[in-house]
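> Whatever this is, show me its structure:
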Amino acid sequence: MEQNHKNEEKKALIWKVKKPIRLLKLEANWFFKRNRFSSLIRKTVKSYKMFGFRTTRQRIGHKLRGMNASKLIAKTPLFTDAELEQQRKHTFEKKIKYSIIVPLYNTPEKFLREMIESVLHQTYSNLELCMADGSDSEHGNVGTICSEYAEKDSRIKYKKLDKNYGISGNTNECLDMATGDYIGLFDHDDLLHPAALYEVTKTIMETGADFVYTDETTFHVTPKDAFNPHFKPDFAPDTLCGNNYICHFTVFKRTLMDEVGKFDPSCDGSQDHDFVLRLTEKAKRVAHIPEILYYWRAHPGSVAEEIGVKPYVVEAGIKAIERRVERMGKEGEVSTVAEGLTIYRVKYKIQGKPKVSILIPNYNHLEDLKKCLDSIFEKSSYQNYEIVIVENNSTDPEIFEYYQTLEQQENVKVVVWEGPFNYSAINNFGAEYCSGEYLILLNNDTEVIAADWIQEMLMFAQREDVGIVGAKLYYSDDTIQHAGLGIGLLGVAGHFFRGVDRAHIGYMGRLLYAQNLSAVTGACIMMRRDVWDEVSGLDETFAVSFNDVDLCMRVRKAGYLIVWTPFAELYHYESKSRGTDDTLKKQKCLVAEATDFQQRWMKELELGDPYYNPNFSLDREDFQILPVVEQRKAR
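Prediction:
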């Protein structure tokens, strides 16, 4: 008893001694949360803990390279004053009414007034602002300010709630107030561009969309100090499962919400992600406006300011995606790709054990082929596969000796193509000897890294809406060789993030999760045999180049999605200088096939890659933002 008393006295003494340290820590936390420079340091430390030194260095480098472009974008008006005035005078054929929904909770006066003013200053004026206030008793000024504005403008609706019902509950109270044809979601501390509703209306008139979203940027004090423009792809369901890239500004038809229901309080924290998933599943036409029309305020405590989030937010996101998978009629496990990130990975359950045929063309290159096959044999955890090697005019005796060794295995066969080199013809020929329900086209200069590389592609290929699945490939120096292809890049098609370090997370984290793209490289792709047959395989017109891109374009035209996954990983020992084509004959062939591709897909190239925002340069592969002048020309 006496000993316990002494221990308590000792603890009390230590508590008193450490008081100055505790106060200093509190003071430091207060300073870090309010000082811009210190905030950057704090976020850098968090990034280091979450991603490590190399990735943090890359994140900093990417931010620094984009700072000048971001500053110019922030300081250059999207529209001139004359253009905004013209918008105010414009009359649309149909007069759409918008309900802007804003749940309030202890909103600072400055933020509240700026938010309301940004709505009232819209160049399209047929709107109502619906605000439901769940603020506590110490923030009565929120209601006073809202009532002040409501007295001056009949378009403002305000309701003081009897208690705080949470973000979903408060938002649903706003929705009950709404009478508009379309509803726009708006946070209480953010800002709308004056032309936001005008541009949305214009898009609805042109496309008939029942769901519209825009690009956005993040700012600290005013939009002129915005620092993080988010230029988004067009609608992509798998991308949306991996990350709520749609986010702000979201507008949808009232009848669409009536069909899917309102916000779900059980998903609070990721309630927007859940809601957008449900809305887009039922939407007849989703439209994306590639212009920054929403300003997301970053301040201490806001989601926009943090790189990590609270565990309940991540869990809510997982729940939202699990429900999406269930609504698809699929089974799967959902997890976050890294602790504290709302970026997700879906592992769909593979149905049965279908046979997969791995098709590998080969000419000499014994060591390359052996390394490739050994990695498949030794690392692949999926066992129901066969390998079909298409021999094409090899001259090395050792390769034929190796073939004889391989053919002693039940799941390996070697077939011979005696014609001249034509990548498309060789694969089409080899496919006739494949007995699997699924085909993998694989280059002989690849090496498997991930043991579950087959499963990671198969889980997507089994979906009826998916036509082709591509992998993430690295050069031997652990830089990226392939992370999907962008149509129109470098004239025809370019590899996203080529040459970037393997640990890089990509623009807005795009290297972290599976997503829909326009094309993937034929060095490693999987597709169902029925899809292959439906599009008649590779087009033999493209003997050397662009045959894989053309295949993806035809598969998409047939109504299927292309999925690229970063979780099927291989090395691809293609030389980085291979694309130089050092002979006149090769150069002529490349130019001829590039021209054929451009002529065949002229319309698609003119429209631009739907998964690559038009505000990015077509001359680079690293999501470099276009200069402001070029952005205005594109618009």
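> shaky segments in the protein?
1-68, 299-309, 575-582, 628-635 (pLDDT under 70).
> how close does the residue nearest to residue 203 when sequence neighbours are not counted sit to residue 610?
Distances taken as CB to CB, 6 or more residues apart in numbering put residue 287 closest to residue 203, at 5.1 Å, once the chain neighbours are dropped. C-beta here means a position set from N, CA and C on the backbone, and glycine is covered the same way. Residue 287 sits 11 Å away from residue 610, going by CB to CB, to the nearest Å.
> rewinding a little: contacting residues for the residue nearest to residue 203?
203, 204, 207, 209, 211, 212, 213 (CB atoms under 8 Å, 6 or more residues apart in numbering).
> Tell me what the fifth one is bridged to.
For residue 211, the beta-bridge partners are residue 252, residue 286 (DSSP bridges).
> show me where the stretch 51-200 of the chain has strands.
98-104, 127-133, 156-160, 182-185, 191-192 (DSSP state E, counting those that start in this stretch).
> The third one pairs with which strands?
Spelled out, that is strand 156-160. Sheet pairing for strand 156-160, using DSSP bridges, gives strand 127-133 (parallel).
> Kindly export the strand it pairs with (C-alpha atoms) in PDB.
The C-alpha trace of strand 127-133 is given here as PDB (Å, rounded to 0.1, in the frame of the first residue of the first chain):
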ATOM      1  CA  LEU A 127     -30.800  29.000 -58.400                       C
ATOM      2  CA  GLU A 128     -31.500  28.600 -54.700                       C
ATOM      3  CA  LEU A 129     -29.100  28.200 -51.900                       C
ATOM      4  CA  CYS A 130     -30.300  25.700 -49.300                       C
ATOM      5  CA  MET A 131     -28.400  25.800 -46.000                       C
ATOM      6  CA  ALA A 132     -29.200  23.500 -43.000                       C
ATOM      7  CA  ASP A 133     -27.400  24.600 -39.900                       C
END
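> and the angle from it to strand 98-104?
Taking axes from the mean of the first three to the mean of the last three CA atoms, to 10 degrees, one finds strand 127-133 and strand 98-104 inclined to each other by 20 degrees.
> Buried residues, strand 127-133. List them.
Within strand 127-133, the residues scored as buried using 16 or more other CB atoms under 10 Å are 127, 128, 129, 130, 131, 132, 133.
> cool, and stretch 280-296?
Under 16+ other CB under 10 Å, the buried positions of stretch 280-296 are 280, 283, 286-296.
> Quick check: the two most widely separated of the residues you listed?
The largest separation in the buried residues of stretch 280-296, counting by CB to CB, is between 283 and 295 at 25.1 Å.
> Show me the helices in the stretch 51-200 of the chain, by range?
Counting by DSSP state H, counting those that start in this stretch, the stretch 51-200 of the chain has helices at residues 53-75, 81-89, 109-120, 141-152, 166-177, 196-207.
> closest one to residue 190 among those helices?
helix 109-120 (6.5 Å).
> And the closest one, what does it pack against?
When contacts are defined as 3 or more CB pairs under 8 Å, 6 or more residues apart in numbering; DSSP states H and E, helix 109-120 sits against strand 98-104, strand 127-133, helix 141-152, strand 191-192.
> what sits against the closest residue to residue 390 other than its chain neighbours?
Excluding the flanking residues, the one nearest residue 390 by CB to CB, 6+ apart is residue 430, at 3.9 Å. Contacts for residue 430 (CB under 8 Å, 6+ apart) come out as 359, 361, 388, 389, 390, 415, 417.
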